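Trainee: Coordinates for the following, if possible.
(chains A and B)
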Amino acid sequence: MSEYVLELRHIAKSFFGIPALKDVTWGLKKGELLSLIGENGAGKSTMMNIVGGILPADSGELYINGELYRPTQPSDAKKAGIAFIHQELNLFTNLSINDNVFIDSFPRIGVLPLIKKTEMSRRVKKALEAVDLHVSPDTIVEKLSPGERQLVEIAKALSSDPQILIFDEPTTSLTNKETEKLFGIIDKLREEGKSIIYISHILADVERLSDQIIVLRDGCITDEDKKENYTIDRMIQSMIGREISQLYPTKTNKPSKETALSVKGLSQSGIVHNINMDIHKGEVVGMFGLMGSGRSELARIIYGLDPYEAGEIIINGEKVEKHNPQKAIEHKIAFVTENRREEGLLMEFSILDNLSLVSVPSSAKGKLKIVNDECVKNKAEDIVNKLKVKCPPIENNPAKSMSGGNQQKVVIGKWLLTDPEVFIVDEPTRGIDVGAKYEVYNIINQLATDKKAVWVISSELEELMGICDKILVMGNGEIHGELAREEFDKENILKAAFNQTVEDKTEKGGR
Amino acid sequence: MIGNKSIKMVILRNIPIILFIAIFLIFGIFSPKFISVDSFKNILVSSSYVGIIAIGIMFVLLTGGIDLSIGSVMYLSAAVTGLSVQKLQVPTVLAIIIGLGIATLVGVINAFLIVILDILPFITTLGMMVFVKAVGLLMTKSESVKLPKVITSMGSQSVLGIPMPIIIFAIIILFGVLFLGKTKLGRQIYAVGNDVEEARKAGIHTKKVLFTCYVMSALFAGIGGIISVAQIGIVNAAFGKGEEFNAIAAAVLGGVSLAGGVGKVFPGVVLGAVMIQMIQAGLVFMQTDLYKQPLISAGIIFLAVFLDSIRSKYIAKAEKRNIRNENKGLQ
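Mentor: Here you go, the predicted structure:
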């Protein structure tokens, strides 16, 4: 009997001659939590796809409990006792939890072709209890919050009683509270003797959870050790192969007195209440708030996507009437949305098409407004160079062919082409690695230095403290506090974000 | 205020039923004879075929696809059944089986083109609509085909006082409810309609699911065609024309989403089908000009579908906000 539940020996894989994994060997012990970290494109996903039977390896062997394991399709992994919990939720939102859990293996009533609902509900109830989610198995998934959906995803994985669970970035769509709950469940599973592989960009989480950590870079293992021997600095160093002297670029912007965007008494019932804020030219304003605090909704209103009942939006001294996104673009507002996969990019379209999407009208010349392709392409290539986007030729390759960090740069680049004055950036670094994050911060800093107004919305407090001149704290659809750079204090900001009942106090305390 | 809102939601959720009652009452005011058990029975009988083809096309709509060939399939299967008896002296039961077999064959061809050759459903079934009709006309030489007494008398027969078409309709409804709600394949249809790619990843044989849906749609069109002809007694060249519109409208009125993944046989599609037939019967009752009838019924159907789309948008919006409020309470 092998000491490993899952073992990879000399696994290699290349795509079109470009190696993605080079001779990788490691093992997962029973009851162990092993974290895999590395920059986007380091080979983590490729490796997991090989384990999951989605991709075949070019060479090398896989072993489960010492026996050779050769998966050719996803169901082989399931049979071998491996369950995946994916980053993007794979649930059918129109179906009930019951249906989702059993979609490929409904229990039947004897020999009849009918589904045995009682058994289904019984088993699902048990799995839901294990993840501490107290809803009826008949609940339609659409009605659940992202956090609850993640729990359903885990319950689904547990229902097949796997011995190995693979979590791929499970916390990206969760609130802090839900993340804590998830970690509690992971701890419990480990105590029960399940072996777990955990993939994440959030190094603090990795430190909190792991027994063993493996660092991947360019398809090779660059570091492997017990958790106790790691520091976050060592993880970063192994991931990017050089020492990072600082996580945030030195600020070079100087906020002016001139207001670029001003919001006065903005309200929309059920969404936001009495919002007052000013963003000056050359200023980076951060907005911190938990998920569901109304921060993204506020950005949508200011960009003209959603209506507002009361208040004013003033851009460059001009009051905006009958707001809509076309007007926002005319007024030189750019909105880099929270969810780049669903809202920010057309994944199947070429990188060029994505870059030129918003700016095409300005490249249209003459009375007939005919688009000058050459001009569009030149502008797009300038941006790609300026932002150091690592990508294949932009004309023929779809957006999905790039890594997450580069996708984010393209989303920002698409707006840069319109030469905006006000940048709204919602969660700019979610799901991208340390190196790419630094580059995004650099771009934001550069924008502000060029006298643009930048409004960064984020749930990562540290990054806001690192790059902003001012932080607004949002909760329950209201702004609970405003702190200048000198006053930045983690505890104060968190307090303001959580304390919703004692609004008056936090408001005073914050200022 | 909350009370107000929930009353609003109750109204919005039940718009199909409210619309149904409203249409019934309006016709009743214009012609009191309309509101009677007999007229209602007649509406049910004549809506049975629309209901059957609507349940059939619903399978395809649930996957996010479309089947425009069902009107032509109705014509072909009824014509083939009639011709088999008339020209080949085949026993009636066998003739019906041949007719339904032809309908199924069309479904298999549709499915093959769409699922295996990966041609868009819209263009495939649009082409089949023309092709199937042409084959039918070639066989009948555009002449009317009479159906044997056994079939036409079935249209007026009843068991325990319930007309035969209603019984067949009820069986099909039961089948639809059980199949979509209680079988593995049925639930998987909804999953495929939600996201084909995810369904494939989840280990569902998406091709098998899609294939089944297109075959079902055609088979049900065939059944609907024979039931309809059993009431009329004769298959003329215009038979089945425009029925795809009635079927799709019935499905949409019944709450089936054209984007796929959403919809129920009962009460949804059944109610939609009866509603459409009621509009047409109501216009006859009111002795509207024969040429204006289709105009008005199309207008009403458009209006109803339009109201329904406003409703879904409003509900989606209202529910989104509700979720937010709930979250607020939790934090």
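Trainee: Skipping adjacent residues, who's closest to residue 28 in space?
Mentor: Using chain A here. Of all residues not flanking residue A:28 in the chain, residue A:6 sits nearest, at 4.4 Å (C-beta to C-beta, 6 or more residues apart in numbering or on different chains). The C-beta positions use only the backbone N, C-alpha and C, and glycine is treated the same way.
Trainee: Please refer instead to chain B.
Mentor: Leaving out its chain neighbours, the residue that sits closest to residue B:28 by C-beta to C-beta, 6+ apart is residue B:35, at 4.1 Å.
Trainee: Give the bridge partners for the residue nearest to residue A:28, please.
Mentor: Beta-bridge pairing for residue A:6 (DSSP bridges): residue A:28, residue A:64.
Trainee: Around it, how many other residues sit close by?
Mentor: 25 (other C-beta atoms under 10 Å in any protein chain shown).
Trainee: contacting residues around it?
Mentor: Contact analysis of residue A:6 by C-beta atoms under 8 Å, 6 or more residues apart in numbering or on different chains lists A:27-28, A:51, A:62-64, A:82, A:164, A:195, A:197.
Trainee: Show the pLDDT at it.
Mentor: Note on residue A:6: pLDDT of 92.
Trainee: Give me the phi and psi for whatever residue of the stretch 301-450 of chain A ends up closest to chain B.
Mentor: Closest contact between the stretch 301-450 of chain A and chain B, by C-beta to the nearest C-beta, is at residue A:306 (10.3 Å). Here is the backbone geometry of residue A:306 (degrees, to the nearest 10): phi -120, psi 150.
Trainee: Who's the closest spatial neighbour of it, skipping the chain neighbours?
Mentor: Once flanking residues are discounted, residue A:306 sits nearest to residue A:300: 4.7 Å by C-beta to C-beta, 6+ apart.
Trainee: For the contacts of residue A:6, pick the one with the most neighbours.
Mentor: residue A:82 (27 neighbours).
Trainee: Could you find the closest non-adjacent residue to that residue?
Mentor: Nearest residue to residue A:82, sequence neighbours excluded (C-beta to C-beta, 6+ apart): residue A:164, at 4.7 Å.
Trainee: What of residue B:146?
Mentor: Spatially, and ignoring its direct neighbours in sequence, residue B:146 is nearest to residue B:234 (5.6 Å; C-beta to C-beta, 6+ apart).
Trainee: any idea how far residue B:240 is from the one you found?
Mentor: Noted for residue B:234: a distance of 13 Å to residue B:240, by C-beta to C-beta, to the nearest Å.
Trainee: And residue B:62, by the same measure?
Mentor: From residue B:62 across to residue B:240, the span is 23 Å (C-beta to C-beta).
Trainee: Those two - which one has more neighbours?
Mentor: The neighbour comparison of residue B:62 against residue B:240 (other C-beta under 10 Å) goes to residue B:240, with 29 against 26.
Trainee: how would you label the more buried one: helix, strand or coil?
Mentor: Put simply, residue B:240 is coil when judged by DSSP: H, G, I helix; E, B strand; the rest coil.
Trainee: measure it to chain A for me?
Mentor: Computed as C-beta to the nearest C-beta, to the nearest Å, the residue B:240 to chain A distance reads 32 Å.
Trainee: Distance-wise, check that residue relative to residue A:26.
Mentor: From residue B:240 to residue A:26 the distance is 65 Å (C-beta to C-beta).
Trainee: Go ahead and confirm the residue nearest to residue B:28 touches residue B:24.
Mentor: Yes. Contact criterion C-beta atoms under 8 Å: residue B:35 and residue B:24 qualify, at 7.2 Å.
Trainee: Of the two, which one has the most company?
Mentor: Neighbour count, other C-beta under 10 Å: between residue B:35 and residue B:24, residue B:24 has more, with 18 against 13.
Trainee: Could you find the closest non-adjacent residue to that one?
Mentor: Of all residues not flanking residue B:24 in the chain, residue B:278 sits nearest, at 6.4 Å (C-beta to C-beta, 6+ apart).
Trainee: can you give me phi and psi for that neighbour?
Mentor: For residue B:278, the backbone dihedrals (degrees, to the nearest 10) come out as phi -60, psi -40.
Trainee: What residues does it make contact with?
Mentor: Residues near residue B:278 by C-beta under 8 Å, 6+ apart: B:20, B:23-24, B:27, B:43, B:47.
Trainee: what about it, distance to residue B:289?
Mentor: Here the criterion is C-beta to C-beta. By it, residue B:278 lies 19 Å from residue B:289.
Trainee: Likewise for residue A:316?
Mentor: Here residue A:316 is placed at a distance of 62 Å from residue B:289 (C-beta to C-beta).
Trainee: So the residue nearest to residue B:146 sits against residue B:148, correct?
Mentor: No. Under the criterion of C-beta under 8 Å, residue B:234 makes no contact with residue B:148, lying 11.7 Å away.
Trainee: The two: which has the busier surroundings?
Mentor: Per other C-beta under 10 Å, whichever of residue B:234 and residue B:148 has more neighbours is residue B:148, with 16 against 13.
Trainee: Looking at that one now. What's its pLDDT?
Mentor: Residue B:148 is assigned 81 on the pLDDT scale.
Trainee: I figured it was touching residue B:85, is that so?
Mentor: Yes. With contacts defined as C-beta under 8 Å, residue B:148 counts as touching residue B:85 at a distance of 4.8 Å.
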